[in-house]
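Undergrad: compute the structure for the input listed below.
(2 chains, ligands or ions: 2)
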Amino acid sequence: MTTVNARGSIQRRLMISLLAGAALLAVALFFIVQSLARQLAEESQDNILLASATSILDASAVRQGELVLDLPYSAFSMLGNLSDDRVFYAVRFGGDFITGYSDLEDVPGIGDARFATRDFLGEPVRVVALSRLLSISGRPATLTVIIAQTRNGQRETLERISSIAAAIGLGFFLAAAGLAALAARSAIRPLERLAVSVGRRGPQDLRPVAAPVPSEMVTLVAALNRFMERLKVSLARSEDFIAEAAHRVRTPLATVRTQADVTLRRVDKEENRAALREMIRAIDESSRAAGQLLDHAMVTFRSDNLEHSALDVGHLAAEMVDRLQPLAELRDIELHLTADDGAMISGDTILIQNALRNLLDNAIKFSPAEDTVSVTVTAQNGEVHLTVRDNGKGFPPEGRDRLTRRFARGSNAEGIVGSGLGLTIAHEVALAHGGRVDIANNSKGPGACVTLSFPSA
Amino acid sequence: MRHALISLCLMASPTLAFEIEEQVLFGPQDSETVLRVISTADIDLFAPVILGYLDQTPGAAVDYVAVSSGELMKAIRDEGAGFDVAISSAMDLQTKLANDGFAVAHSSAATDDLPDWARWRDHVFAFTQEPASIVLSRAAFDGLKMPQTRQDLITLMRQHPDRFANRVATYDLRLSGLGYLFATQDARTSETYWRLTEVMGSLNARLFCCSSDMIDGVASGDLAVAYNVLGSYARSRPDADQFEILLPTDFTTVMMRSVLIPRTTRDADLAGEFVDHVLQSAWADSPPEDATFTIAGEVRNAEAESLRRIRLGPGLLVFLDAFKKRQFLQAWEDAILQKP
Ligand SMILES: Nc1ncnc2c1ncn2[C@@H]1O[C@H](COP(=O)(O)OP(=O)(O)OP(=O)(O)O)[C@@H](O)[C@H]1O
Ligand SMILES: [Mg+2]
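TA: Ligands and ions are numbered 1, 2, ... in the order given. Sure, this is the predicted structure:
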């Protein structure tokens, strides 16, 4: 297994940036609402203070050289409408204090209405001073009304609105967090889907990804598809090359083998004969290897585009047993077949024949002469089992799993012609059909027992 | 005395500049915790409330000082006299004390239960509703239809000047804070007040400092009409059948007696408990039959539409303004002191 260097998570990063954005917005929302509320509260207090001062100024006049001032009841009662705040006032005329709270200072500045915030009698107050020019005994004099109000009501309003704003901000954040989680999840979903579909593929499946993907992933998937295509082409090329090479080697080898046989018959000298026999053996080995390589390449190729036709494994086994009868007879070995009726599977006849031939070949090759090899075909539990048994020495105990690998041969194969591809072919054929191969020894008595299993059709 | 528990002692306190009308110490003489209450309510009328408080708080004593509303203001505001609780019928002066920072805030379960109109700023708490009534002598109105409104009264007085001359009475606004409060609120509500005052002036109205003196006069037959007196005082008299207590249907000004904790208190918690007790006994759903100071009081049976409850709040400061007061009193004197 190769390890993947994992660092960070797209989903988490997406989530964090969305949450950070939401938090920022929520805080901004809180402060905006709060500052708007403060502005509004201040404005409304200023407005009502101004209205109060105006009503007092409006109720004052100079009559017969004397200031007449009739404090309207509404001037102060309106201040009590919004809140239970304390109210202070002072009226000054041309520099003289007329009535009210003498400590309440004028608000410096220009303009008729002047506002200030300051402390009075130990509490912060909002003050408005409103002036008007009157004329008394032919001389202008300024009448100033100063009204102050504490700010508890405003503070309470603000606190109330602040807590509402905080609740809104929090609610906004929570909603945004939920949406962020959904968004992050859905953004990552196509990627997960691709990963799952690629991960689920069999080792031979090099088809391009055809399912639609979001535009951001097109480059990645296109690159993946190109990569797989290249891989397929290069695999196919090397298989082709091997098949071609094997084919090219086999034909001249057959010629050489015939020549060697003819020569062997003519030669009498024992050491020359031994050399020739050695040569013939090497030729057999090479030719066997070339044949198996060719077969293997064929298996690989056909597995890629597996043909699915309904086939009866019993018939197939009978045919194959017939075909190998001559080979068995060379060693006086008897081939036995027992087959269930209707052991049907869906697959490629040539491939399954090839697999079975290799198993039978092994059984004949690795059993002693004048022995029996039995082939059984059974159908049970939705599977078709094709078993080849012999009474030979069986598989060596060590490295049995390894034997399905290419060119792997057992310790018992010494002196026996072979290239170590037979079980590989059987294994790959089984896999291509969604089945498996079990390599074992007979539980009762000596001998090997190899079973090919396929799902029933 | 009426109550055995009361240890009464009338004291003269020459050191204090404000004028004490009566002073009683309720509870044990040697108590460590003495709650000092300054109040405009008559001791007899207020005693049940204090006794109820002492029942709840064993060991405590209440030093009750009865004064006029003006003197109460003087004591708290100008002299900083050490009182724990101030009770007054002068809503305007109570409001002014709170507004000018002479009261401390108090909040409790009892104050939280009050409706908005019965409190101001967690400082001033109302515990009665007392309408300004017109007390009419039955004898004086013999053969006449009893008036229902101020206008009725004006008409009757104009038609029978001989019957009413020198026999109509009202507060002397220059002496009585409560009278001034009623008068200013009346004037604010309707012009009729000024016409009534002028008619009373033309009948050579007699001016009094206090409700009880006026009621005495009506009961004895000396007076025919007493305008703007407290019905609660009249109703509790044994000779109440001599007169009729009229709540005028054009409008009736309703005053609320209120309580606050002066900032001179030495024990704000104790004062708070007393305030809570006053409020609870006044606001009880079913107060005892004989209780004088309840929030419903006479208002319970009166026609609600004509009742004008004086609103606690800064509006009350307007008529306390020296300038404004001078003007108002000037106008009032012009109306009431005119010679026929
Ligand atoms: N029936 C059997 N009995 C004992 N050993 C077996 C049997 N079949 C296979 N083997 C062992 O498994 C090894 C691998 O078998 P495989 O068929 O792949 O190779 P091979 O027969 O040696 O060569 P090839 O079949 O390619 O000519 C053999 O070399 C042998 O050691
Ligand atoms: Mg083999």
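Undergrad: which of the helices and strands in chain B ranks last by mean pLDDT?
TA: Least confident helix or strand of chain B, by mean pLDDT, DSSP states H and E, is strand B:6-7 with a mean of 40.
Undergrad: quick check, pLDDT for the residue of the stretch 201-340 of chain B found nearest ligand 2.
TA: Nearest residue of the stretch 201-340 of chain B to ligand 2, counting by C-beta to the ion: B:Asp269, 105.6 Å away. Backbone N, C-alpha and C define where each C-beta goes, glycine included. B:Asp269 is assigned 92 on the pLDDT scale.
Undergrad: which SSE is it in?
TA: If you go by DSSP states H and E, B:Asp269 is part of helix B:268-283.
Undergrad: which residues in the stretch 1-150 of chain A form helices?
TA: Ranges of helices in the stretch 1-150 of chain A, per DSSP state H, counting those that start in this stretch, are A:10-58, A:73-77, A:79-82.
Undergrad: can you check which of those helices gets nearest to B:Ala17?
TA: Of all the helices of the stretch 1-150 of chain A, helix A:73-77 sits nearest to B:Ala17, with 29.9 Å by C-beta to C-beta.
Undergrad: can you list contacts of that closest one?
TA: Residues external to helix A:73-77 that are found in contact with it (C-beta atoms under 8 Å, 6 or more residues apart in numbering or on different chains): A:52-53, A:55-56, A:59, A:87, A:89, B:188, B:311, B:313-319.
Undergrad: are any of those buried, and which?
TA: Among the contacts of helix A:73-77, those scoring as buried are A:52-53, A:55-56, A:87, A:89, B:188, B:311, B:313-319 (criterion: 16 or more other C-beta atoms under 10 Å in any protein chain shown).
Undergrad: I'd like the helices of the stretch 1-150 of chain A as TSV, with mean pLDDT appended.
TA: As requested, the helices of the stretch 1-150 of chain A are exported to TSV (pLDDT from 0 to 100):
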stretch	mean pLDDT
helix A:10-58	91
helix A:73-77	91
helix A:79-82	84
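Undergrad: indicate which one of the ones you listed is closest to A:Asp332.
TA: Closest to A:Asp332 of the helices of the stretch 1-150 of chain A, according to C-beta to C-beta: helix A:10-58, at 69.1 Å.
Undergrad: the strands in the stretch 151-300 of chain B, which residues?
TA: B:168-171, B:206-208, B:225-230, B:243-246, B:252-255, B:258-262 (DSSP state E, counting those that start in this stretch).
Undergrad: which residues of the stretch 51-200 of chain A lie near chain B?
TA: A:69-77, A:79-80, A:84-89, A:91, A:98-100, A:121-123, A:152 (C-beta under 8 Å from any C-beta of the partner chain).
Undergrad: buried ones among those?
TA: Buried by 16+ other C-beta under 10 Å: A:69-77, A:79-80, A:84-89, A:91, A:98-100, A:152, out of these.
Undergrad: out of the contacts of helix A:73-77, who's nearest A:Glu383?
TA: Proximity of the contacts of helix A:73-77 to A:Glu383 (C-beta to C-beta) peaks at B:Gly313, which lies at 95.8 Å.
Undergrad: show me what contacts the closest residue to the closest one other than its chain neighbours?
TA: Nearest residue to B:Gly313 in three dimensions, chain neighbours excluded: A:Gly80, at 3.3 Å (C-beta to C-beta, 6 or more residues apart in numbering or on different chains). Going by C-beta under 8 Å, 6+ apart, A:Gly80 touches A:Val87, B:Arg311, B:Gly313, B:Pro314, B:Gly315.
Undergrad: what's the farthest-apart pair in these?
TA: A:Val87 and B:Arg311 (13.7 Å).
Undergrad: these two touch, right, B:Leu316 and B:Lys96?
TA: Yes: B:Leu316 is within contact range of B:Lys96, at 7.3 Å (criterion: C-beta atoms under 8 Å).
Undergrad: okay if I get the strands of the stretch 151-300 of chain B as JSON lines plus mean neighbour count, distance to chain A and mean pLDDT?
TA: Formatted as JSON lines, the strands of the stretch 151-300 of chain B follow (neighbours: other C-beta atoms under 10 Å in any protein chain shown; distance: least, C-beta to the nearest C-beta, whole Å; pLDDT from 0 to 100):
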{"stretch": "strand B:168-171", "mean neighbour count": "25", "distance to chain A": "20", "mean pLDDT": "94"}
{"stretch": "strand B:206-208", "mean neighbour count": "19", "distance to chain A": "24", "mean pLDDT": "93"}
{"stretch": "strand B:225-230", "mean neighbour count": "27", "distance to chain A": "18", "mean pLDDT": "92"}
{"stretch": "strand B:243-246", "mean neighbour count": "21", "distance to chain A": "26", "mean pLDDT": "91"}
{"stretch": "strand B:252-255", "mean neighbour count": "23", "distance to chain A": "14", "mean pLDDT": "92"}
{"stretch": "strand B:258-262", "mean neighbour count": "26", "distance to chain A": "13", "mean pLDDT": "96"}
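Undergrad: Throw those strands into JSON lines and include distance to B:His123, thanks.
TA: Output for the strands of the stretch 151-300 of chain B, formatted as JSON lines (distance: least, C-beta to C-beta, whole Å):
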{"stretch": "strand B:168-171", "distance to B:His123": "27"}
{"stretch": "strand B:206-208", "distance to B:His123": "31"}
{"stretch": "strand B:225-230", "distance to B:His123": "24"}
{"stretch": "strand B:243-246", "distance to B:His123": "32"}
{"stretch": "strand B:252-255", "distance to B:His123": "18"}
{"stretch": "strand B:258-262", "distance to B:His123": "6"}
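Undergrad: going along the chain, name the strands of the stretch 151-300 of chain A.
TA: Counting by DSSP E, counting those that start in this stretch, no segments of the stretch 151-300 of chain A form strands.
Undergrad: ok, now which ones touch the closest residue to A:Arg92 other than its chain neighbours?
TA: Once flanking residues are discounted, A:Arg92 sits nearest to A:Thr144: 4.7 Å by C-beta to C-beta, 6+ apart. Shown in contact with A:Thr144 (C-beta under 8 Å, 6+ apart): A:Val91, A:Arg92, A:Phe93, A:Asp106, A:Ala129, A:Leu130, A:Ser131, A:Arg132.
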